[in-house]
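Novice: coords please:
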Amino acid sequence: MPNRLARETSPYLLQHAGNPVDWHPWGEEALALARASERPILLSVGYSACHWCHVMAHECFEDAGTAALMNRFFVNIKVDREERPDIDQIYQLAHHMIARRPGGWPLTMFLTPEGRPFFGGTYFPKHSRHGLPGFDEVLQRVAGAWAGQRARLQADGDALVHELAGMLPQGSTGEGGDAGVGAGAGADAGTDAGTDAGMGTAAAAHGLREALMASYDAMHGGFGGPPKFPQPPTLDALLRHAAAAGDDAAREAVLATLRHMAEGGLYDHLGGGFYRYSTDAQWRIPHFEKMLYDNGPLLRLYAEAWQASGEPLFRQACEETAGWLMREMQLPSGGFASSLDADSEGEEGRYYVWQRDEVARCLDEASFAAFAACYGLDAPPGFEGRAWHLHRARPLAEVAALLGRPEAECAALIDGARVRLLALREARVHPGRDDKVLTSWNAMAIDGLAFAARVFGEPLWAASARRALEFVRTSMWRGGRLLATHRDGRSHLNAYLDDYAFLLGAVIELMQGDTLNAADLHFARALAEVLLEQFEDPRDGGFFFTSHDHEALVLRPKSGHDGATASGNGMAALYLQRLGHLIGELRYLESARRTLALFAPDLQRVPQAFPTLVSALREHASPPAVAVLTGPPDALARWREALARRYLPGVLAVQLPLEAAGLPEALSKPAGAQPQAWVCRGRQCLAPIGALDELLAALA
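Specialist: Next comes the predicted model:
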C-alpha cells in the first residue's frame with residue numbers, strides 16, 4: 001500500500017510512496033504526531049536526481065527490517081530539498097555544526113518533536129562499511145539515547161538552534177546600519193566616495209580577486225581541487241572585476257576555466273548542457289545529473305564570455321545548451337523541468353558513456369578516426385576503467401595534423417559523427433526527468449535564454465524565455481504573490497526569497513530584449529514590492545529567506561553567501577538597485593543599501609564567499625548606465641545589436657515603443673524621427689545622443 005507521500009506533487013517524494021516506511025510529508029500533521037507520541041523525528045532530505053539518495057533508498061528505505069525500526073521508534077518525514085529549500089537550509093546548517101563538515105544529500109537528521117536537531121549525517125549504508133556505521137545500528141543507538149537521555153538531547157537541540165540563530169547577520173545600529181556603506185553612494189554616480197573607508201568597493205573587489213587567484217588552477221582552470229563545481233556567480237563577479245580594472249590575469253582565469261569546462265567531460269558534447277560537477281581536477285569525469293539551476297546561469301555566463309572574447313567555443317556552448325534546454329527541459333506548458341537524473345537503468349552515467357567498439361560500429365573509418373582523436377577514444381577508458389566519457393582531448397588543428405587531413409574536412413567528419421552518435425544515444429533508456437516547475441530555477445533559465453538571445457540575435461531563444469515567463473505569470477502568480485512549485489496542474493507552497501529575486505532579474509532582462517511593455521514593468525514592480533513588504537528585515541536590513549507570513553520554523557535564515565547559485569540577498573540587492581535606477585524609485589535603492597550595510601563585515605572578511613553582493617556593491621558605488629532608446633524600431637535595431645555584442649555588464653538599455661504612455665518619469669522620453677539615446681548614471685544625465693558611435697563611447 002502506498003504511504004502518505006502518494007498525494008504529493010514532488011517526483012522525489014513519489015519515488016518513496018511505495019516504501020514500507022511510514023513516510024509523512026513535512027507538515028503540521030507529522031509534527032503534531034511527533035509531539036503527541038513523544039517520538040523523535042527522522043528527517044530525510046534529498047531530490048530526484050541525487051545518486052546517493054537512490055542508493056540509500058534501495059539499501060534502507062525499501063528494506064522491510066529497516067522500515068520496521070524507523071516506524072517503531074520515529075516519526076519519519078521525507079522532504080524534497082528543491083520544494084522546501086527553507087527546511088533544507090536550516091538542517092544543512094545544523095548538520096555542519098554537528099558534524100563539523102559540509103553536508104549534502106541525502107541529509108539524514110534526527111530532531112526533537114519540536115523540530116530541534118540533535119544528531120545527523122548524510123548517507124548511511126544498510127550495513128557498516130568504509131568507516132560509516134550501518135543505518136540499522138544508527139537507528140537503534142539514537143532510539144536508545146532518546147529513551148535514556150531525552151532531556152540531554154532536547155537540551156542539545158535547544159543549544160544548537162540558539163547557536164545557529166547567533167550566526168545570522170546582525171545590523172550594527174539596529175536601524176539597518178551604515179557599517180561599510182554610506183547612505184549617499186547609491187544615488188551618486190561614478191565614485192566610491194560614499195562608501196565607508198573600511199569597506200569600499202575596490203577593497204571588496206580586490207579581496208575577492210586575490211582570494212580566488214590564490215586558489216586558481218592555472219593548468220586545468222577552476223579554483224581549488226576536486227570536486228570542481230561550475231560556480232557561475234564567482235566567475236561572473238571576477239569577469240566584472242577584470243573588465244573594470246583592466247586585470248588581464250583575472251580575465252584569463254575566467255576564460256580559461258570556461259574553456260576547460262566546455263572542452264572537458266563536464267559538458268555534454270553530443271546533446272549540449274552541463275552536468276553538476278567534476279569529480280576530478282581535469283574536468284574529465286562528472287557527476288552526471290543535469291540541473292536547470294546550473295545551465296541557466298552558465299548560458300548567460302558563456303554569452304558574456306563570448307562578448308568579452310569573441311571565442312567560437314563559447315558561442316557553440318551557448319547554442320548547444322540553449323538547444324538542450326528547449327528540446328529536453330521545456331515542457332509543453334512552457335515551464336522548464338527541474339533536472340535530469342544521473343542514473344539510468346540503475347547505473348550512474350550509463351546513458352552518457354560509450355564503449356569504443358560501439359562507436360566504431362556506428363561510424364565509417366574516416367569519421368571514427370577523426371572523432372576518436374578529437375574526443376579521447378584512442379586513449380584508455382577514463383570512466384571507472386571500463387568506458388569512455390567524451391571530452392575534447394585534442395584541438396581540431398592537432399587532429400588534422402595527426403590524420404593528415406584538412407581542418408575543414410576533419411570538422412565535417414566530427415560534426416557528422418556527433419549527429420549520428422546522438423541519434424544512437426537517443427535510443428537508450430533515458431535518465432529520469434524531474435518535471436516539476438520551480439519558480440526560481442525557471443527564472444534562471446529565462447534569464448539565461450533571454451540574455452543569450454539578445455547577444456546572438458536568436459528570436460527562438462527569446463520566444464522560449466517568454467513562454468516560460470508567461471507560464472510562471474499565469475500559473476504561479478496568484479493574488480499578487482508567487483507560489484514556489486508546480487506539477488500536474490497544481491501550484492502550491494509559499495514562494496521564497498530566491499523566487500522573487502531571481503524572477504525580478506529575469507523580467508528586467510526580458511525588458512531589455514523586447515520593446516519595453518507596460519506588463520513587464522508592472523510585474524517587475526509588483527515583485528519588488530513583495531520583496532520589501534514580505535521579506536525585508538525592517539530592523540536590521542537584508543532579506544529573510546522566507547516571507548513574514550510563512551510557516552514558523554526553528555530558524556529563519558537570512559543568508560548572503562553564494563553557493564551553487566547566487567544568494568537571494570545578493571540578487572535582491574543587485575536587481576532592486578537596477579530597477580530603482582531604471583524607474584527612479586528611491587525606496588528600492590535604499591533597501592539595497594541597507595542589505596549591503598548588513599553584509600558589509602562579511603564582504604570585508606571573506607568577499608570570495610559573497611560574489612553577487614560584491615557585484616551589487618560595485619553598482620551601488622558606481623550605478624549602472626541606463627540607456628533609454630527612442631525612435632524608429634528599424635533604425636534602433638542596429639543600435640541594439642551593437643550594444644548586445646559588447647561586454648557591458650554595467651549597462652541597462654531599454655527601447656521605448658513609439659507610443660509610450662503611462663511610464664515613470666525616468667523613462668518618459670520624447671521620440672523623434674531619428675534614433676536617440678538618453679543616458680543617465682545615478683542622478684547624472686547626458687544630453688540626448690543621436691549617433692551610435694557616440695553612444696558606445698559614452699557607455700564604454
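Novice: how about the helices of the stretch 501-650 of the chain, start to end?
Specialist: 518-530, 568-583, 586-605, 611-621, 633-644 (DSSP state H, counting those that start in this stretch).
Novice: export those helices to CSV and tack on mean pLDDT and distance to D88?
Specialist: Backbone N, C-alpha and C define where each C-beta goes, glycine included. Listed next are the helices of the stretch 501-650 of the chain as CSV, based on pLDDT from 0 to 100; distance: least, CB to CB, whole Å:
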stretch, mean pLDDT, distance to D88
helix 518-530, 97, 22
helix 568-583, 98, 14
helix 586-605, 96, 22
helix 611-621, 97, 20
helix 633-644, 94, 37
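Novice: out of the ones you listed, which comes closest to L422?
Specialist: helix 633-644 (29.9 Å; CB to CB).
Novice: Next secondary structure element downstream of that closest one?
Specialist: strand 651-655 (DSSP states H and E).
Novice: Can I get the helix or strand following that following strand as PDB, trimmed to CA atoms?
Specialist: Using DSSP H and E, the helix or strand that directly follows strand 651-655 along the chain is strand 676-681. Written as PDB, here are the backbone C-alpha positions of strand 676-681 (Å, rounded to 0.1, in the frame of the first residue of the first chain):
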ATOM      1  CA  GLN A 676      18.200  58.900 -29.900                       C
ATOM      2  CA  ALA A 677      19.600  57.600 -26.600                       C
ATOM      3  CA  TRP A 678      19.100  59.200 -23.200                       C
ATOM      4  CA  VAL A 679      21.900  58.000 -20.900                       C
ATOM      5  CA  CYS A 680      21.900  58.500 -17.100                       C
ATOM      6  CA  ARG A 681      24.100  57.200 -14.300                       C
END
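Novice: which residues are contacting strand 676-681?
Specialist: By CB atoms under 8 Å, 6 or more residues apart in numbering, the surrounding residues in contact with strand 676-681 are 189-190, 581, 622-631, 639, 666, 669, 685-686, 688-690, 695, 698-699.
Novice: one more time with 7 Å
Specialist: 189-190, 623, 625-631, 669, 685-686, 688-690, 695, 698 (CB atoms under 7 Å, 6 or more residues apart in numbering).
Novice: List only buried entries from the residues you listed.
Specialist: Listed as buried from these are A189, P623, A625, V626, A627, V628, L629, T630, G631, K669, I689, L695; burial here means 16 or more other CB atoms under 10 Å.
Novice: Can you report how many residues lie near the closest residue in space to the fifth one that isn't next to it in sequence?
Specialist: Yep, that's A627 we're talking about. With sequence-adjacent residues excluded and distances taken as CB to CB, 6 or more residues apart in numbering, A627 is closest to A653, at 4.3 Å. Residue neighbour count, defined by other CB atoms under 10 Å, stands at 23 for A653.
Novice: what residue ranges in the stretch 151-300 of the chain are flagged as low confidence?
Specialist: 171-199 (pLDDT under 70).
Novice: in stretch 378-386, what counts as buried?
Specialist: For stretch 378-386, by 16+ other CB under 10 Å, it's D378, P381, G382, F383.
Novice: Pull the number of nearby residues for the nearest residue to R356 once chain neighbours are set aside.
Specialist: Spatially, and ignoring its direct neighbours in sequence, R356 is nearest to L377 (5.2 Å; CB to CB, 6+ apart). Around L377 there are 19 other residues, counting by other CB under 10 Å.
Novice: OK, contacts around N71?
Specialist: Counting by CB under 7 Å, 6+ apart, N71 has contacts V21, D22.
Novice: before we move on, the earlier item: with mean neighbour count and distance to S278 added, can I get the helices of the stretch 501-650 of the chain in CSV?
Specialist: Output for the helices of the stretch 501-650 of the chain, formatted as CSV (neighbours: other CB atoms under 10 Å; distance: least, CB to CB, whole Å):
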stretch, mean neighbour count, distance to S278
helix 518-530, 18, 35
helix 568-583, 27, 25
helix 586-605, 23, 28
helix 611-621, 27, 20
helix 633-644, 16, 31
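Novice: Select, out of these, the one closest to R101.
Specialist: Of the helices of the stretch 501-650 of the chain, nearest to R101 by CB to CB is helix 586-605, at 21.2 Å.
Novice: How far does that closest one sit from its chain's centre?
Specialist: On the basis of CA atoms, centre = their mean, to the nearest Å, helix 586-605 is displaced by 22 Å from the centre of the chain it belongs to.
Novice: and that helix with helix 568-583, angle?
Specialist: Using axes from the mean of the first three to the mean of the last three CA atoms, to 10 degrees, the inter-axis angle of helix 586-605 relative to helix 568-583 is 140 degrees.
Novice: Now helix 586-605 - C-alpha only, PDB.
Specialist: Listed in PDB are the C-alpha atoms of helix 586-605, where the atom choice follows Å, rounded to 0.1, in the frame of the first residue of the first chain:
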ATOM      1  CA  LEU A 586      14.500  55.600  -4.300                       C
ATOM      2  CA  ARG A 587      12.900  53.000  -1.900                       C
ATOM      3  CA  TYR A 588      14.400  50.200  -3.900                       C
ATOM      4  CA  LEU A 589      17.800  51.900  -3.800                       C
ATOM      5  CA  GLU A 590      17.600  52.400   0.000                       C
ATOM      6  CA  SER A 591      16.500  48.700   0.500                       C
ATOM      7  CA  ALA A 592      19.600  47.600  -1.400                       C
ATOM      8  CA  ARG A 593      21.800  49.900   0.600                       C
ATOM      9  CA  ARG A 594      20.600  48.500   3.800                       C
ATOM     10  CA  THR A 595      21.300  45.000   2.600                       C
ATOM     11  CA  LEU A 596      24.800  45.900   1.700                       C
ATOM     12  CA  ALA A 597      25.300  47.600   5.000                       C
ATOM     13  CA  LEU A 598      24.200  44.400   6.800                       C
ATOM     14  CA  PHE A 599      26.600  42.200   5.000                       C
ATOM     15  CA  ALA A 600      29.500  44.700   4.900                       C
ATOM     16  CA  PRO A 601      31.500  43.000   7.600                       C
ATOM     17  CA  ASP A 602      31.300  39.700   5.600                       C
ATOM     18  CA  LEU A 603      32.300  41.400   2.400                       C
ATOM     19  CA  GLN A 604      35.400  42.800   4.200                       C
ATOM     20  CA  ARG A 605      36.200  39.400   5.800                       C
END
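Novice: SS state for the closest residue to G121 other than its chain neighbours?
Specialist: Nearest-residue entry for G121: T108, 5.3 Å, with adjacent residues in sequence omitted and distances by CB to CB, 6+ apart. Look at T108: counting by DSSP: H, G, I helix; E, B strand; the rest coil, its state is strand.
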